[in-house]
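In: turn this into a model:
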Amino acid sequence: MRESTACFTGPRPEKLMAVWNEQDPGIQKIKTDLFQTVTTLATKKGYQLFLTGMARGIDLIAAETVISVKKMLTNVDLAAVIPYRNQQTQQSEFWRKRYDAILEECSQVFVLHEEYTPSCFIERNRYMVDHSSHIIAVINGIPIGGTASTIRYAKKRGLDFTVIATSLTAQK
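Out: Purely as a prediction, here's the structure:
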């Protein structure tokens, strides 16, 4: 199954813009690029399962993209890899509603820990990489943080890559 599975990595909203605006052209471009990438991987390369880490920002946007593609291509599935049970309680209502709606659409849910642990997000990222053969990475040029370390780990593990670069960054 690993050979037909892809995962996502990308920044949280505050790493992309100071005030979240989903109508921003940069966010719209990311969404378009994600849609094209997921569709291409599913139709031309045989990818069937897409893993999301369910974090605010790119993880949830990517999951919503897979759900859109899934409405057109019945062989596409979405699985949630949740670092700890009740992760969504740490999110604002805006993101929590999206999280809950996405969870209902997932064919599989993997909960790695019952409670938060200091390493649970790293473990979640490694789990997704270890169970995938392709990673779709949205990058903003910041070489530190969860996205950067996930990319380094995926390179070490030999995954195929799709990189979606954005000039959006809240950090100056």
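In: residues touching residue 146, list them.
Out: Contacts for residue 146 (C-beta atoms under 8 Å, 6 or more residues apart in numbering) come out as 9, 121-122, 125. All C-beta spots, glycine's among them, are computed from the backbone N, C-alpha and C.
In: residue 133 too?
Out: 2-6, 159-160.
In: same thing with residue 17?
Out: Residues near residue 17 by C-beta under 8 Å, 6+ apart: 24, 26-27, 168-170.
In: and residue 31, by the same measure?
Out: By C-beta under 8 Å, 6+ apart, the residues touching residue 31 are 61, 65.
In: now it. Its backbone dihedrals?
Out: Dihedral angles of residue 31 (phi, psi; degrees, to the nearest 10) stand at phi -60, psi -40.
In: looking at the contacts of residue 146, which one is closest to residue 52?
Out: For the contacts of residue 146, the minimum distance to residue 52 (C-beta to C-beta) is 9.9 Å, reached by residue 9.
In: confidence score at the closest one?
Out: Listed pLDDT for residue 9 reads 98.
In: for it, which non-adjacent residue is closest in space?
Out: Take residue 9 and drop its neighbours on the chain: the residue closest to it by C-beta to C-beta, 6 or more residues apart in numbering is residue 150, 4.3 Å away.
In: now swap in residue 95 and tell me
Out: Of all residues not flanking residue 95 in the chain, residue 56 sits nearest, at 4.5 Å (C-beta to C-beta, 6+ apart).
In: SS state for the one you found?
Out: coil (DSSP: H, G, I helix; E, B strand; the rest coil).
In: rewinding a little: make a markdown table out of the contacts of residue 133 and add neighbour count.
Out: Shown next, in a markdown table, are those (neighbours: other C-beta atoms under 10 Å):
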| residue | neighbour count |
| --- | --- |
| 2 | 11 |
| 3 | 11 |
| 4 | 17 |
| 5 | 18 |
| 6 | 25 |
| 159 | 19 |
| 160 | 13 |
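In: before I go, just wanted to say thanks for your time.
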